[in-house]
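Enquirer: return a 3D structure for these sequence lines:
(one chain, ligands or ions: 1)
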Amino acid sequence: MSAFPRTPNTRPLPNVGLPTDPDYEQRLAEFEARIEAGEKIEPGDWMPYEYWRQLVRMISQHAHSEVVGMLPEGAWITRAPSLRRKLILLAKVQDEAGHGQYLYHAVETLGVDRGTLIHQLLEGKAKYSSVFNYPTLTWADVAMIGWLVDGAAIKNQTMLAHCSYGPYSRAMVRICAEETFHYKQGKEAITLYAQGTPRQRRWAQDALDRWWWPALMMFGPHDKDSPNTPALMRWKIKTKSNDTLRQEFVNEIIPELMAVGLEIPDPDLRYDEETGNWLIGPIDWAEFWQVIRGNGLMNQARMAARRQAHEEGQWVREAVEAYARRHQARQAPEKIAA
Ligand code: BYC
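Expert: Got it, this is the predicted structure:
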């Protein structure tokens, strides 16, 4: 028996169409015309099965990433170098939990409840962002995550704020606002360290050396190796491809990192005058796929921490359910009287 029993899915089934349905082609044409006109698709609207499947896959992976993403930074809350930094970090980690909440809710609008998704994560069957399977070895890593990882996330999520599914796009607007604060605090901290004592400068450079490539991998494989991009772009879930976003991010962040005196850890890096692009060297995709398959430095520790948190939170879930039952029972007589 599973250590994490799956609760039955209680959500209403979504209104999805299959290619074998008699009216599929006509409904698909109407659906695509709405997207083309810039309309949002809302919960309960008809949608092709593949659109629904892609949304559930992507938004749930995103939700898991937010929650697992609390762990590398959370490990430093007790070791923050000042009260100010501790308050900032506490607020940031708390924000990430909130992002997970919005996103699990967004998936629930598609008829899959949170219990089912968390079950998939804890059973090791769900993906989450590769970047969170790397260790945070020094305090400068926490700052570098803010600048690089949140910076990469903002780039990706600003695009997703324009996506065709209403609940996901609206969640992104709020999340991006909060991520901007995360990015700024990380940039401020690294800027100070990069101009600080020789030891602080070494920490900042070392953090960049270790987080640079994992941050670039966050954008996913090259477009030619990205099986989901065609369907996602056809229905405007993504409006820019993995490579386009990665290039935009590189072009923006490299001058900023260089401006504070940091060296980009890429011997092949060069500026292309003709296109105005910074051209990076090859990404180690073998490492990327190893991490995604569960063989990164911290995959096992991350999942062990999530499972422990889930088990230790059982009493909270039971208390919330007991409260809801009591609340409902109290409400019922009032409703009858009304
Ligand atoms: N890590 O066809 P592709 C944050 C998988 S958290 C793991 O290109 P797609 C933060 C991909 O899922 C924000 N897996 O996929 C939190 C697919 O596998 P399946 C995280 C990856 O969907 C706390 C396969 O590889 N952001 O900011 O077109 C503290 C082929 O890929 C990754 C999001 O989640 C990866 N990096 O594009 C601090 C953004 N890349 O599912 C900060 C939402 C690819 O077919 N997601 N895979 O088995 C997306 O925008 C897109 O899903 C991706 C991938 C760009 C990530």
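
Enquirer: list the contacts for the residue of the stretch 51-200 of the chain found nearest the ligand?
Expert: Residue of the stretch 51-200 of the chain nearest the ligand, by CB to the nearest ligand atom: residue 69 (2.4 Å). (Glycine included, C-beta is placed from N, CA and C.) By CB atoms under 8 Å, 6 or more residues apart in numbering, the residues touching residue 69 are 96, 128-129, 131-132, 149.

Enquirer: so how far is residue 92 from it?
Expert: As judged by CB to CB, to the nearest Å, residue 69 and residue 92 stand 10 Å apart.

Enquirer: cool, and residue 52?
Expert: Between residue 52 and residue 92 the distance is 32 Å, computed by CB to CB.

Enquirer: repeat for residue 270
Expert: Distance, residue 270 to residue 92, using CB to CB: 34 Å.

Enquirer: neighbour count winner among those two?
Expert: residue 92 (23 against 12; other CB atoms under 10 Å).

Enquirer: for the stretch 51-200 of the chain, what lies in contact range of the ligand?
Expert: By CB under 6 Å from any ligand atom, the part of the stretch 51-200 of the chain that sits against the ligand consists of 57-58, 61-62, 65-66, 69, 96, 127, 129-130, 145, 149-150, 153, 156.

Enquirer: counting neighbours, which of these end up buried?
Expert: 58, 61-62, 65-66, 69, 96, 127, 129-130, 145, 149-150, 153, 156 (16 or more other CB atoms under 10 Å).

Enquirer: low pLDDT regions in the stretch 201-338 of the chain?
Expert: Residues of the stretch 201-338 of the chain meeting the criterion pLDDT under 70: 333-338.

Enquirer: same thing but at 90, please
Expert: Scanning the stretch 201-338 of the chain for pLDDT under 90 picks out the ranges 330-338.

Enquirer: can you give me the helices in it?
Expert: Taking DSSP state H, counting those that start in this stretch, the helices of the stretch 201-338 of the chain run over residues 229-234, 242-259, 285-290, 299-312, 314-337.

Enquirer: ramachandran coordinates for residue 124?
Expert: Residue 124 adopts backbone torsions of phi 80, psi 20, taken as degrees, to the nearest 10.

Enquirer: circling back: any chance of the contacts of residue 69 in TSV, with secondary structure too?
Expert: Below are these laid out as TSV (DSSP: H, G, I helix; E, B strand; the rest coil):
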residue	secondary structure
96	helix
128	coil
129	coil
131	helix
132	helix
149	helix
